[in-house]
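Visitor: what's the 3D shape of this:
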Amino acid sequence: MWMKEKQKKPQRSSMVRDTLSTFGTNAFGALLSLIGSLVILNRMEPAVKGLYNQVQTWGEGFFTCLGFSLNSAIIYYVARYKIKNTRAAIKKLTVSIGFLLIG
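Guide: Numbering: from 1, shown residues only. Below you'll find the model as predicted:
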């Protein structure tokens, strides 16, 4: 008898695995958030619904502003240059972003 050789599946790169994992996690979180919002909003009075929507809108706005890959940029510059050369730039960046968000 001839033994069939197992065909190996091509392995995905770590970037593809991470991307798929992140997408799956975000999609699941969005679905749970949508279902939760529908359940919660059906049980609220109209005045409270408006307040709830306002809080969600502000939260999403802050999340959008803070999600501009600032962590990646800081890691890139720290890895590229010595930490003593980047401390001042990181402090300036942090203060600038703080002023933009607050004022």
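Visitor: okay, CA-based contacts and neighbour counts for the rest of this
Guide: OK.
Visitor: show the pLDDT at residue 15.
Guide: For residue 15, the pLDDT comes out at 68.
Visitor: for residue 74, that is, sorry about that
Guide: 68.
Visitor: what's the first helix or strand after the least confident helix or strand in the chain by mean pLDDT?
Guide: Within the chain, no helix or strand scores below helix 70-80, which has a mean of 69 by mean pLDDT, DSSP states H and E. Per DSSP states H and E, the first helix or strand lying C-terminal to helix 70-80 is helix 83-102.
Visitor: can you give me how far that next one is from the chain middle?
Guide: 21 Å (C-alpha atoms, centre = their mean, to the nearest Å).
Visitor: so for that helix, what gets flagged as buried?
Guide: Buried residues in helix 83-102, defined by neighbour count with 16 or more other C-alpha atoms under 10 Å: 86, 90.
Visitor: with just CA atoms, put it into PDB.
Guide: These are the backbone C-alpha positions of helix 83-102, laid out as PDB (Å, rounded to 0.1, in the frame of the first residue of the first chain):
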ATOM      1  CA  ILE A  83      16.300  57.200  24.400                       C
ATOM      2  CA  LYS A  84      18.100  60.300  25.600                       C
ATOM      3  CA  ASN A  85      17.600  61.900  22.100                       C
ATOM      4  CA  THR A  86      13.900  61.200  22.000                       C
ATOM      5  CA  ARG A  87      12.800  62.200  25.600                       C
ATOM      6  CA  ALA A  88      12.300  65.800  24.700                       C
ATOM      7  CA  ALA A  89      10.400  65.000  21.600                       C
ATOM      8  CA  ILE A  90       8.100  62.600  23.400                       C
ATOM      9  CA  LYS A  91       7.400  65.200  26.100                       C
ATOM     10  CA  LYS A  92       6.600  67.800  23.500                       C
ATOM     11  CA  LEU A  93       4.400  65.400  21.700                       C
ATOM     12  CA  THR A  94       2.500  64.400  24.800                       C
ATOM     13  CA  VAL A  95       2.000  68.000  26.000                       C
ATOM     14  CA  SER A  96       0.900  69.100  22.500                       C
ATOM     15  CA  ILE A  97      -1.700  66.300  22.200                       C
ATOM     16  CA  GLY A  98      -2.900  67.000  25.700                       C
ATOM     17  CA  PHE A  99      -3.500  70.700  24.800                       C
ATOM     18  CA  LEU A 100      -5.300  69.700  21.600                       C
ATOM     19  CA  LEU A 101      -7.600  67.400  23.400                       C
ATOM     20  CA  ILE A 102      -8.300  69.600  26.400                       C
END
